[in-house]
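Asks: Sharing a sequence plus its predicted fold:
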Amino acid sequence: MAWDLSAPVEVVAPTLVGAIVRHGEVAVRITEVEAYGGATDPASHAFRGRTARNETMFGPPGHLYVYFSYGMHWAANIVCGPDGTASGTLLRAGEVVDGVDQARARRGRATDRDLARGPGRLAQSLGLTGELKGCYVLGDGAVTVRPGTPRAPVVSGPRVGVSLEADRPWRFWEADSRFVSDYKRSPRAAAVR
DNA sequence: ACAAGGATTCACT
DNA sequence: GTGAATCCTTGTA
């Protein structure tokens, strides 16, 4: 059965907490996500309309949107919302639950806790790169996402790392989890408050 | 064609 | 706590 991700992104995003994302031997239990809208969200890559990079976000839900940032990091999103709404959910952090050895090999030296705590780290642990962009994750593809139950209530709060609309409470994480990034607001965006 | 900035991470002081 | 690394995408000239 296909998991229905076509509800508005701010509704779907919290339901992704607890889900299991798998790529090959490595599987991660998601503990933190962040929702991004389209035309109504200045912080979203899709805010300025459809481009070659964000094309996937405009498509149907259930696909993978991977992008490269800061010249060194990949970040993975699951496209959500109805076809054409250009919204997605960034996988911000998780706990490696399978394939730990391979994940650790990819990550170099890092504690188990830090293997997937952070968007770039999570993508690196799973080996997600631009080659997987647009891949359908609700079927039998190379990358799969299946529903899971959070171990604790899911709470929400301000977004991290974005300079606009940072206060929109579209970041969702599992309460009391050690595998959630507790980054302070970036110094650049610190002016907002 | 060019310049600016980014949904970050890591090492060093 | 502060600063650098590093390259892709986008808007503007």
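Replies: The structure has been received and is ready for your questions.

Asks: Write down the beta-bridge partners of the residue nearest in space to the middle of chain A, one by one.
Replies: Geometric centre of chain A, nearest residue: A:L91, 1.5 Å, by Cα atoms, centre = their mean. On the basis of DSSP bridges, A:L91 is bridged to A:V33.

Asks: which residues does it contact?
Replies: By Cβ atoms under 8 Å, 6 or more residues apart in numbering, A:L91 lies in contact with A:L16, A:V21, A:I30, A:E32, A:V33, A:A75, A:A76, A:N77, A:I78, A:P119, A:L122, A:A123. Yep, even glycine has a C-beta here, placed from its N, CA and C like the rest.

Asks: Verify the stated contact: the first one with A:E32.
Replies: Spelled out, that is A:L16. No. Between A:L16 and A:E32 there is no contact under Cβ atoms under 8 Å: 9.7 Å.

Asks: right, and A:V33 touches A:A13 too?
Replies: Yes. Here A:V33 reaches A:A13: they are 5.2 Å apart, a contact under Cβ under 8 Å.

Asks: tell me, what's touching those two both at once?
Replies: By the contact definition Cβ under 8 Å, 6+ apart, A:V33 and A:A13 are jointly contacted by A:T89, A:F172.

Asks: Next, show the common contact partners of A:L16 and A:E32.
Replies: Common neighbours of A:L16 and A:E32 are listed as A:L91, A:F172 (criterion: Cβ under 8 Å, 6+ apart).

Asks: Helix or strand: which one has A:A75?
Replies: Here A:A75 is covered by strand A:73-80, with elements defined by DSSP states H and E.

Asks: For that strand, name the packing helices and strands.
Replies: Helices and strands touching strand A:73-80, by 3 or more Cβ pairs under 8 Å, 6 or more residues apart in numbering; DSSP states H and E, are helix A:55-58, strand A:64-69, strand A:87-98, helix A:119-126.

Asks: where does chain A dip in pLDDT?
Replies: Within chain A, the segments meeting pLDDT under 70 span A:1, A:183-193.

Asks: can you list the residues of it near DNA strand B?
Replies: Residues of chain A found near DNA strand B (Cβ under 7 Å from any atom of the strand) are A:34, A:36, A:43-46, A:54, A:57, A:65, A:67-73, A:75, A:77, A:88, A:90, A:107-110, A:114, A:118-122, A:160-163, A:181, A:183, A:186, A:188.
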